[in-house]
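# What would the 3D arrangement of this be:
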Amino acid sequence: MSFRDWVTRVLIISLMFTALSVALLAGKINQSQITTITPSNQEISTNWSEYPQAQLQSSKNQDKQSSDKTQQTAGRYRTTQAFARYQPRYEIAAIDPSNYGDRYTKDINGVPINNQPIIVLHETGYSATSAINFFQTPHTDESVQASYHTLIKLDGTVVYLVPPEKRAFGAANSVFESVNGAETVQTNRGLPPSVNNFAYHVSLETPPDGRGDNYIKAHSGYTQEQYHSLAWLIAQSQIPEYRITTHQEVDRSNQRIDPVSFDFEKFLNLLNTYRQINPVYRAQG
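Next comes the predicted model:
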């Protein structure tokens, strides 16, 4: 091989390595740009712990339950002996991921979200089984995606559906009227704003005489077991009474009137049986 051929070959190899280096560098820059402009879907990191947590009655969870109850003594509320004695049946029903999502830290305009948690009460409209089957069915149409965090059957069975740190699609076009004014968050440009991002949704199974009629104004009401399980569930939260509301109260579509025939006074009396203001919190206040 002549000297000229050797130099030419070395030059070609050098150019190839240079081109490869440039390509790799460009790839890193592009990846950095993509990472920078990708919107964040971070979950709320603080408020979700105030929602009711799954309490499972088994020996494996006794230590965890004791720990959870101890932790509650540091908050606004603490559970009572009545809470400890009442042990409703429970089920866990995994629903399709299309019917729930993440809680966001910013709205669609990039404004930080800092709403305090609320609890929204619902009823199923049909049987509990029908509601669960709907939630377990994939839905690509965002306008029909729906879910609750928890559902309570006629016999008081607590059905855990969506983890509290996730956003259940329980109320579409909705606003919560608080002492600070109207509260709502828009997280999807194609849908109206709603309370879903800071709400915990609980639904009561509708009694047989109230099913199938979206315009029914009253029915036989809910069972004693349902009221007890609902109060027991919400007693685990740190959410004050004035931030517990109904689907009818937050709805802005003028179509939702649930939970129909709900006795709020009975519910609050039971809630105060299962939890009480922490004396430490009262003294600080």
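
# can we go C-alpha only for contacts and neighbour counts from here?
Will do.

# Which helix or strand in this structure has the lowest average pLDDT?
Within the chain, no helix or strand scores below helix 3-37, which has a mean of 40 by mean pLDDT, DSSP states H and E.

# Looks like Asn173 contacts Asn188 (just checking).
No - Asn173 is not in contact with Asn188 according to Cα atoms under 8 Å; the separation is 11.6 Å.

# More neighbours: these two, which one.
Asn173 (17 against 12; other Cα atoms under 10 Å).

# Quick check: the residue nearest to the spatial centre of the chain vs Pro97, distance?
Against the mean C-alpha coordinate of the chain, by Cα atoms, centre = their mean, the closest residue is Arg167 at 3.4 Å. Using Cα to Cα, to the nearest Å, one gets 11 Å for the distance from Arg167 to Pro97.

# Likewise for Lys217?
Going from Lys217 to Pro97 by Cα to Cα gives 33 Å.

# Between these two, which has more neighbouring residues?
It is Pro97, of Lys217 and Pro97, that has more neighbours when counted by other Cα under 10 Å, with 14 against 11.

# For the more buried one, which non-adjacent residue is spatially closest?
Pro138 (7.6 Å; Cα to Cα, 6 or more residues apart in numbering).

# ok, the one you found - contacts?
Shown in contact with Pro138 (Cα atoms under 8 Å, 6 or more residues apart in numbering): 96-99.

# looking at those residues, which has the most residues close by?
Most crowded among the contacts of Pro138, counting by other Cα under 10 Å, is Asn99 at 25 neighbours.

# Keeping just the C-alphas, turn stretch 261-276 into PDB.
Output in PDB follows, covering the C-alpha atoms of stretch 261-276 (Å, rounded to 0.1, in the frame of the first residue of the first chain):
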ATOM      1  CA  SER A 261     -83.000  10.200  50.000                       C
ATOM      2  CA  PHE A 262     -79.700  10.500  51.900                       C
ATOM      3  CA  ASP A 263     -80.000  11.300  55.600                       C
ATOM      4  CA  PHE A 264     -77.000  13.600  56.200                       C
ATOM      5  CA  GLU A 265     -77.900  14.100  59.800                       C
ATOM      6  CA  LYS A 266     -77.800  10.300  60.500                       C
ATOM      7  CA  PHE A 267     -74.500  10.000  58.700                       C
ATOM      8  CA  LEU A 268     -72.900  12.900  60.600                       C
ATOM      9  CA  ASN A 269     -74.100  11.400  64.000                       C
ATOM     10  CA  LEU A 270     -72.500   8.100  63.100                       C
ATOM     11  CA  LEU A 271     -69.300   9.800  61.800                       C
ATOM     12  CA  ASN A 272     -68.900  11.600  65.200                       C
ATOM     13  CA  THR A 273     -69.300   8.200  66.800                       C
ATOM     14  CA  TYR A 274     -66.400   6.700  64.900                       C
ATOM     15  CA  ARG A 275     -64.100   9.700  65.100                       C
ATOM     16  CA  GLN A 276     -63.600  12.700  67.300                       C
END
